[in-house]
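> Build me a model from this:
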Amino acid sequence: MVYFGGLLGVIGLLTLLFRDGDVVGLPAVAVGIGLLVIGAGVGALGVVRRRVVRRRKIANGEPVPVGNVIERAQALPRLLRDVRRGAYADLPKSRTFLWLLALVYLVSPIDILPDLLPVIGVTDDAGVVVWLLTSVSTAAGLYLRKEREQLPHQPPTGRRATDGG
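The predicted structure follows:
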């Protein structure tokens with residue numbers, strides 16, 4: 001929902017900036033502002049929904065992914081290496097096969113919906129990309145959580161109080 005809201009907001013902004021004529025009989029300014037408001041609302045609902053789902057998972061004791069996008073991207077090669085070695089059993093091998101299948105689908109010229117159809121032709125590719133990125137990001141976040149749980153606890157860095165003064 002967050003991404004969809006952002007997309008609506010960008011379309012609204014582009015409509016405000018670049019559209020001079022009417023859009024479906026409505027002034028371009030009204031359509032642009034309307035899309036911006038709807039996009040902001042949908043995006044805000046998406047953020048609230050994410051927080052609620054995260055709190056529910058934590059309350060139920062389910063593992064929650066950790067790390068930001070960069071940390072997860074850096075952890076991905078280690079994750080794939082450990083899955084291949086069998087050292088990380090929390091990710092089924094079928095999931096990596098589905099990731100590979102998604103990559104092949106995205107690269108191949110054969111599509112379920114031909115790209116020649118305007119807008120509709122790209123939706124199947126966009127759906128596969130969103131699923132792939134979400135799935136890989138979640139798996140990498142869970143892998144990072146497991147890595148951090150296995151590290152020995154280190155004392156926090158900084159000044160320590162000493163007896164001598």
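> make it CA atoms for all contacts and neighbour counts henceforth
Noted.
> neighbouring contacts of the worst-scoring helix or strand of the chain on mean pLDDT?
The least trusted helix or strand in the chain, going by mean pLDDT, DSSP states H and E, turns out to be helix 2-18, with a mean of 80. Identification of contacts with helix 2-18 by CA atoms under 8 Å, 6 or more residues apart in numbering yields 28-29, 31-47.
> how about a cut-off of 7 Å?
With contacts defined as CA atoms under 7 Å, 6 or more residues apart in numbering, helix 2-18 is touched by 28-29, 31-33, 35-36, 39-40, 42-43, 46-47.
> How about Pro27: what's its closest non-neighbour residue?
Nearest residue to Pro27, sequence neighbours excluded (CA to CA, 6 or more residues apart in numbering): Gly21, at 7.0 Å.
> So the one you found is in contact with Ala28, correct?
Yes: counting by CA atoms under 7 Å, Gly21 does reach Ala28; the two are 6.3 Å apart.
> Who has more neighbours out of these two?
For Gly21 versus Ala28, neighbours defined as other CA atoms under 10 Å are more numerous around Ala28 (20 against 12).
> That one: what's it in contact with?
Per CA under 7 Å, 6+ apart, neighbours of Ala28: Thr15, Leu16, Arg19, Asp20, Gly21, Asp22.
> Going by contacts, tell me the helices and strands next to the helix or strand harbouring Leu76.
In this structure, Leu76 sits in helix 69-85 according to DSSP states H and E. When contacts are defined as 3 or more CA pairs under 7 Å, 6 or more residues apart in numbering; DSSP states H and E, helix 69-85 sits against helix 120-150.
> hmm, 10 Å instead?
When contacts are defined as 3 or more CA pairs under 10 Å, 6 or more residues apart in numbering; DSSP states H and E, helix 69-85 packs onto helix 93-107, helix 120-150.
> Quick one: closest of these to Gly67.
Closest approach to Gly67 among those (CA to CA): helix 120-150, 6.0 Å.
> how about low-confidence regions in this structure?
113, 115-121, 153-165 (pLDDT under 70).
> which parts of the least confident helix or strand of the chain are buried?
Val2, Gly5, Gly6, Leu7, Leu8, Gly9, Val10, Ile11, Gly12, Leu13, Thr15, Leu16 (16 or more other CA atoms under 10 Å).
> Return the member of those residues nearest to Leu76.
Distance to Leu76 across those (CA to CA) is lowest for Val2, with 23.8 Å.
> residues in contact with the most centrally placed residue in the chain?
The residue lying closest to the centre of the chain (CA atoms, centre = their mean) is Thr134, at 4.5 Å. By CA atoms under 10 Å, 6 or more residues apart in numbering, the residues touching Thr134 are Val128, Ala140.
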